[in-house]
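1. can't give you the sequence, but here's the structure:
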């Protein structure tokens, strides 16, 4: 699987380098550099074709749109994974806190109900298998 990504990365790096060189040629264009310009344009077309071939190998890969937003904002896309994990951990702690609170509430409720309705609560506990009836 990694060789698919390595191949795409290699083609993208070549493409970016060709565009960089093309930008240099265009920024200081002289009629004598027309041949070099045409060559770089052909390399660009070939590079796009190579990238398109890689696309066929990676058609089953999906990337969350938020990753592209990170890239557009100039942020490292690996931060997306880190922040997702941090949000998941925070949500996990929040839910754990709610579960613990509900367990405490249930325990207190059962204690209070046992004081007020001892016979009914004994039957309830017997049905639940928590405590045999006296």
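-> Happy to help now that I have it. Because the structure is predicted, anything quoted here is derived from the model rather than measured.
2. which stretches of this protein form helices?
-> If you assign secondary structure with DSSP state H, the helices in the chain sit at 2-27, 34-57, 65-72, 78-116, 118-128.
3. and residue 63, what are its phi and psi?
-> Main-chain torsions, residue 63, degrees, to the nearest 10: phi -120, psi 130.
4. how many other residues sit next to it?
-> The burial metric for residue 63, expressed as a neighbour count using other Cβ atoms under 10 Å, is 11. All C-beta atoms are positioned from the backbone trio N, CA, C, and that covers glycine.
5. mind checking how far it is from residue 81?
-> Counting by Cβ to Cβ, to the nearest Å, the separation of residue 63 from residue 81 is 11 Å.
6. do the same with residue 62
-> Distance of residue 62 to residue 81, given as Cβ to Cβ: 15 Å.
7. likewise residue 44?
-> Following Cβ to Cβ, the distance that separates residue 44 from residue 81 is 32 Å.
8. Likewise for residue 66?
-> The span separating residue 66 from residue 81 equals 10 Å under the rule Cβ to Cβ.
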